[in-house]
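Q: give the three-dimensional model of this entry:
(4 chains)
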2 protein chains.
Amino acid sequence: MADRAASVPSPDAVAADRAPTVASGARPRRSDATRAAILAAARERFAADGYERATIRAIARDAGIDPSMVMRYYGNKEGLFAAASAIDLRAEQLEAVPREEMGARLVRHFLERWEHDETLTGMLRVGVTNEAGAERMREVFRDQMGPVIAGVCPAPEEAPKRAALIASQILGMALCRYVLHLPPAVDLERDEVVAWLAPTVQRYLADAHP
Amino acid sequence: MADRAASVPSPDAVAADRAPTVASGARPRRSDATRAAILAAARERFAADGYERATIRAIARDAGIDPSMVMRYYGNKEGLFAAASAIDLRAEQLEAVPREEMGARLVRHFLERWEHDETLTGMLRVGVTNEAGAERMREVFRDQMGPVIAGVCPAPEEAPKRAALIASQILGMALCRYVLHLPPAVDLERDEVVAWLAPTVQRYLADAHP
DNA sequence: CGTGTTGGTCAACGCTTGTTGGCAAGCGTA
DNA sequence: TACGCTTGCCAACAAGCGTTGACCAACACG
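A: You can find the predicted model right below:
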């Protein structure tokens, strides 16, 4: 038994552990395809069903393997979620954006991320009912969103507060549009969402206190 | 077996069915206290745990009765949720508010509602992972939030869209503050939240398209 | 060729879940 | 007092859950 699949693994460690698509130092294993299939199925199920209803049995069925393989490779369900919730917001794409364009760019960036990576929906669905999922969201917010906001925020000590305000608007729209499927929110064109939300985010980012 | 506890009851019907605190036409039953205890325990559990983890057994334990009583009075778990998710946003309090104050009043109203009625947290927690819960949220949005927005919105045909934008901001803040417990969102004073969000909501409510 | 490691299946475990039906005690009314 | 409805508990059911360990086939390497 190797050191992988520890009892309570850290998300990024597990995620970075075996990434079949990335050329890492270790030589590839025959099981990389299976690992990837499990992870893909897990992301899909967590995004569609949340933590409790995304059963290991269903994930294994989707991946075309036995449930016990999930346990062997990811330790337990918690470890599987930790691996499946690894996400890169690609926030570095926003670092060179001039301050006055930041609102629109932020909104568009996250709408696109949300539509192309179901992991975000999964994190939200899980984070709302599962403490580990909520902690994961707080981590991502702090580590990936925080620095970007701090980089363009006029007063650095206000950056967390302003980041939270921005998150409230962007997460709220994602919630209404991609999770709750509120009809008028779903019907909006993407450009329309950007046009409406961008000034809000811009104000949260850099305006003086109201 | 009476006509109560139908197989798939409508939320409001079930909720209005037996409301021990309200003087209804039917004369009170000895079991009204038990019914109320079940409902209170259910609201608490749904708000704290979401749909799956709020087990009938746990709810019954909290209410100090046998799980089978829950089934007798509410038919099944879905019926229990339907009854427990009955909610009054008290939107009529906002009907006489002048348009230019509406943003601030809306934000403050919902913050207070959220802090005093855990049913809202329950609906959000359940709505994110359970289709019946999502449908319930769409209903409440349409029937209770819609009319208020339509009442002050300059162009009536734009009311649903504008209501969705407002919901995205208010639900987003509630999500960050009361569900995900994002630290900077939790640390904000209530007046601070109102000061920041009110202009946003005001713009979504009545400003021209951006 | 033989041997150890890896990838995978299978059957079962202990537990929890929603749900059901039977039975006893309490109450209201005739 | 006697009868019927109501309220409640108890025990059990079938199904599904996460998880485990035994076992087999295929590969890698000396």
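Q: distance of the residue in chain A that chain B sits nearest to from DNA strand D?
A: Chain A approaches chain B most closely through A:Gly172 (1.8 Å), counting by Cβ to the nearest Cβ. For the C-beta atoms, the positions are set from N, CA and C on the backbone; glycine is no exception. Remark: distance between A:Gly172 and DNA strand D (Cβ to the nearest atom of the strand, to the nearest Å) = 29 Å.
Q: need the per-residue pLDDT for A:Ala2.
A: Note on A:Ala2: pLDDT of 36.
Q: how about A:Ala23?
A: Model confidence at A:Ala23 (pLDDT) stands at 44.
Q: list the buried residues for stretch A:115-123?
A: Buried residues in stretch A:115-123, counted by 16 or more other Cβ atoms under 10 Å in any protein chain shown: A:117-123.
Q: give the buried residues for the strand or helix carrying A:Met69.
A: Assigned by DSSP states H and E, A:Met69 falls within helix A:67-74. Of all the residues in helix A:67-74, those buried under the rule 16+ other Cβ under 10 Å are A:69-71, A:73-74.
Q: thinking A:Ala174 is in contact with A:Leu120, fair?
A: Yes - with contact defined as Cβ atoms under 8 Å, A:Ala174 counts as touching A:Leu120 (7.2 Å).
Q: which of the helices or strands spans the closest residue to A:Gly64 other than its chain neighbours?
A: Computed as Cβ to Cβ, 6 or more residues apart in numbering or on different chains, the closest residue to A:Gly64 that is not its neighbour in sequence is A:Ala37, at 6.7 Å. Taking DSSP H and E as the criterion, the element that holds A:Ala37 is helix A:32-53.
Q: can you list contacts of that helix?
A: Under the criterion Cβ atoms under 8 Å, 6 or more residues apart in numbering or on different chains, residues A:18, A:20-21, A:54-55, A:58-60, A:62-65, A:69-70, A:73-74, A:80-81, A:83-85, A:118-119, A:121-122, A:125-126, A:128-130, A:133, B:50, B:52-53, B:128-129 lie in contact with helix A:32-53.
Q: any idea whether A:Ala96 is helix, strand or coil?
A: coil (DSSP: H, G, I helix; E, B strand; the rest coil).
Q: close to DNA strand D: what parts of chain A are there?
A: Chain A comes close to DNA strand D at residues A:30, A:54-58, A:67-68, A:70-71, A:76-78, as judged by Cβ under 7 Å from any atom of the strand.
Q: mind running it again at 10 Å?
A: With Cβ under 10 Å from any atom of the strand as the criterion, chain A meets DNA strand D at residues A:1, A:5, A:7, A:27, A:29-30, A:45, A:49, A:51-61, A:66-72, A:74-81.
Q: A:Gly127 and A:Arg136 touch, don't they?
A: Yes - A:Gly127 lies in contact with A:Arg136 (Cβ under 8 Å); the separation is 6.6 Å.
Q: tell me which of those two has more neighbours.
A: A:Gly127 (25 against 20; other Cβ atoms under 10 Å in any protein chain shown).
Q: which residues does that one contact?
A: A:133-134, A:136-137, B:180.
Q: show the pLDDT at it.
A: 98.
Q: same thing with the one 3 residues further on?
A: What the model reports as pLDDT for A:Asn130 is 97.
Q: counting by contacts, list what the strand or helix carrying A:Pro160 packs against.
A: A:Pro160 belongs to helix A:159-174 when assigned by DSSP H and E. For helix A:159-174, the packing partners by 3 or more Cβ pairs under 8 Å, 6 or more residues apart in numbering or on different chains; DSSP states H and E come out as helix A:102-116, helix A:118-127, helix A:146-152, helix A:190-206, helix B:159-174, helix B:183-187.
Q: direction-wise, compare the fifth one with helix B:190-206 and give the angle.
A: Following axes from the mean of the first three to the mean of the last three Cα atoms, to 10 degrees, one obtains 160 degrees for the angle between helix B:159-174 and helix B:190-206.
Q: and what of the fourth one?
A: Using the same axes, to 10 degrees, the inter-axis angle of helix A:190-206 relative to helix B:190-206 is 150 degrees.
Q: which residues of chain A lie near DNA strand C?
A: Counting by Cβ under 10 Å from any atom of the strand, chain A sits next to DNA strand C at A:1-2, A:4, A:18, A:28-35, A:37-38, A:52, A:57, A:60, A:63-73.
Q: distance of the closest residue to A:Met145 other than its chain neighbours from DNA strand D?
A: Leaving aside its chain neighbours, A:Met145 sits nearest to A:Ala163 (5.7 Å; criterion: Cβ to Cβ, 6+ apart). Per Cβ to the nearest atom of the strand, A:Ala163 is found 34 Å from DNA strand D.
Q: isn't A:Ala163 up against A:Pro147?
A: No - the pair A:Ala163 / A:Pro147 is not scored as a contact, 9.4 Å apart, by Cβ under 8 Å.
Q: and the residue nearest the centre of chain A, what does it touch?
A: In chain A, the residue lying closest to the centroid (Cα atoms, centre = their mean) is A:Leu120, at 3.7 Å. Applying Cβ under 8 Å, 6+ apart, one finds that A:Leu120 lies in contact with A:87, A:113-114, A:174.
Q: most surrounded residue in these?
A: A:Ala174 leads those on contacts (other Cβ under 10 Å) with 23 neighbours.
Q: just give the nearest non-adjacent residue to it, would you?
A: Nearest to A:Ala174 is A:Trp114, by Cβ to Cβ, 6+ apart, at 5.3 Å.
Q: tell me which residues touch that neighbour, please.
A: Contacts of A:Trp114 (Cβ under 8 Å, 6+ apart): A:120-121, A:174, A:178.
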